Structures are given as C-alpha cells and as structure tokens.
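**Student:** For reference, the sequence and a predicted model appear below.
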Amino acid sequence: MKYFITGGAGFIGSNMADRLLSEPENEVVVYDNFSTGRHEFLAEAQKSERFTLIEGDTLDLAALTEAMKGCEFVFHFAANADVRMGCEHPRKDLEQNTIATYNVLEAMRANGIKRIGFSSTGSVYGEAEVIPTPENAPFPIQTSLYGASKLACEGLLAAYAEGFGYTAYIFRFVSILGERYTHGHVFDFCKKLSDDPTKLHILGDGHQKKSYLYVKDCMEAILTVIRNAKDKVNIYNLGTDEYVEVNDSVRFICGKLGVTPEFTYEGGERGWIGDNPFIYLDTSKVRALGWKPKATIEEGVIKTVEYLQANPWVFAARD
C-alpha cells in the first residue's frame, strides 16, 4: 500500500510514517511545509528506499494534487493544533484546518483516491454533558475555534463519502503524548522547569481533568480502525480509560525531573479561552475491534519527559 501523509514531519505524522515503514509492503510519501514539522523527526524514515519527502503546503491545491499521484490512502494530519493560537489568530484554524481539508479531498478526487484517515479531536464535543463521552453524544455549543474547525472538517469528509464514494476514518483524539511531542502543557511545563526549576506558573486552577494517549498506542489504534472498520464514515474516539488532573501531570513531571518548584495559578477552572475543564472519552467502540492501550497516562507523561530530556534542542526549535 502506498500512503500519503500530510503533516508527515510533525509529531503524529512522523510516528505514523515510521510505523507504516516497519511493514515491508508499504510505501510512504510525506507532504509537509515544515512550519511546525521537523526534518529531524524523519531521520528514521529517510533511511528507507520506500520513503519519499515532498515539501509543500496543503493550501497549494495544484502542488498537493501533483504530490498525491500514485498514492492509495491518505492520512491527513496537517493542521493548526494550537487551541490558544487559534483564538489569537482565528484565520489560522479556518485556513490550516478547514480549507486545507477541502484541498486534500479535492486532490484525492483528482487522483481517484477513495480512503482517508483524519485526525480530529475530542474538542468537538465542547463541554460534553455525557462523561465519558461516546461518539454519538449530543454536541453542545462549540467552545473553541479549533474544535469548530475540526467539526467542519468532519462534515466535509462525511459529505465527500456520501457524494463521491470515499471511505473516511475520523479519529477524535484526546491529547497525545510521547516521542516528538512539541506542544501542549506537558511540553510547556518541561520547558519552564528546564529554564527555572524553582517555580512553575500554571494556567487554570490545576484541577482541569484531562485524558492522554501515548503516541505508539495511538498509531496501533489508528491502524486497527482502518483495517477493521467497515462503514463509509467511521468515527472513533481514541484515548485511555482514565483521566488525571493537570496537578497530577505536574506531579509526574516534577517527580521525573527531581524538582520541587513553587506553584502559582491563573485563570480559574479554565486556563485560557477554549480550554475544556473535563475531557474524558468513551473508547469502548475502538476496544471492540480488539485494541487497547499499553501505556498508562503516567507512563506516557514520563516517556514524554524522557524524550524531552534527551532532546533539549526541541525546546529551542519552538522559540
């Protein structure tokens, strides 16, 4: 199978490239503009003769269409995944998420490609009334531009599946952790503590409840779905069967780093506009396909801290 990965030099995309290339029958084409992706994340993939890297932007439909030629399956991971940045620069979510997804679908149509895996988010549920939240939960009002843009993308995928015979696999992620992780509060806390281990400023009251999934478990969940789900539009929550408070993740991080900072808090139950105080997804649907995560949230946080300790250049790359 020849796979095309948008955002393939990013956190999720590069891990997927490595996972696919571990199977000798697969070829992988990565398409990335390197706005946030890193060449270093593709070091392992580039050792393979079955790997191709194309530098390009998903907003360039002509280049995207040309790059996709000969591929059979598309993973669309390119997006603005920074919720706070989306609130500060609303057009980013529209362009990099919604319009980019339209371009990907049109490039697929031009090339006769019918299958797509898409990275959505648990943020589409807003402040869910049902916890843990199943895929068929009623949607309240959207609480972030990021979640709203991803929900619009889901609508496009469903419409193209109905109108043009696509098969869509939509993955509503919790926060993903692990090797090559470059944004989110675990990253931010590690960076702050590397700069000054005596103090840590936390957005929110620390009691926000979050669920996380280790990236290698995420890869296996995605492949389990695309190899077993049978519907035209397949929507799956991906996460663990546990959640922690932000204060718990801080405790895991500080314990691993061996630091005892003074904590300060700002923002009440939400750390910023669009921050959801409780995210916990029902993953019984994907578990019914035979998948379950191997790493706990604490193990995922610790693996992330270990990666960041071993790769401090990642902090400088984000400055």
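**Tutor:** Right, received. Where do you want to start?
**Student:** Tell me the pLDDT of residue 87.
**Tutor:** Residue 87 carries a pLDDT value of 56.
**Student:** er, residue 303 actually
**Tutor:** Reported pLDDT for residue 303: 98.
**Student:** Contacts only, for it.
**Tutor:** 177-179, 214, 295 (CB atoms under 8 Å, 6 or more residues apart in numbering). Placement of C-beta: from N, CA and C, glycine included.
**Student:** any chance of these in a markdown table, with pLDDT, secondary structure and distance to residue 69 too?
**Tutor:** Below are the contacts of residue 303 laid out as a markdown table (pLDDT from 0 to 100; DSSP: H, G, I helix; E, B strand; the rest coil; distance: CB to CB, whole Å):
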| residue | pLDDT | secondary structure | distance to residue 69 |
| --- | --- | --- | --- |
| 177 | 97 | strand | 35 |
| 178 | 98 | coil | 32 |
| 179 | 98 | coil | 31 |
| 214 | 98 | strand | 34 |
| 295 | 98 | coil | 37 |
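**Student:** for this protein, longest helix please?
**Tutor:** Longest helix of the chain, by residue count under DSSP state H: helix 145-164.
**Student:** Now do that helix: distance to the chain's middle.
**Tutor:** Mean-position distance between helix 145-164 and its chain equals 16 Å (CA atoms, centre = their mean, to the nearest Å).
**Student:** who's in contact with it?
**Tutor:** Here helix 145-164 has contacts from 79-83, 86-87, 90, 93-94, 97-98, 101-102, 105, 109, 116, 118, 120-121, 123-126, 139, 142, 166-168, 170, 232-233, 235, 274, using CB under 8 Å, 6+ apart.
**Student:** how close does residue 132 sit to residue 37?
**Tutor:** To residue 37, residue 132 is 32 Å away according to CB to CB, to the nearest Å.
**Student:** in the stretch 51-200 of the chain, which spans are strands?
**Tutor:** 51-55, 73-76, 115-121, 167-173, 175-177, 199-203 (DSSP state E, counting those that start in this stretch).
**Student:** What strands flank the fourth one, and is each parallel or antiparallel?
**Tutor:** Which is strand 167-173. strand 115-121 (parallel), strand 233-238 (parallel) (DSSP bridges).
**Student:** now do the last one
**Tutor:** Strand 199-203 has the following strand partners under DSSP bridges: strand 262-266 (parallel).
**Student:** what distance separates the strand it pairs with from the centre of its chain?
**Tutor:** 28 Å.
**Student:** Low-confidence ranges, the stretch 51-200 of the chain, go.
**Tutor:** Applying pLDDT under 70 to the stretch 51-200 of the chain flags residues 82-90.
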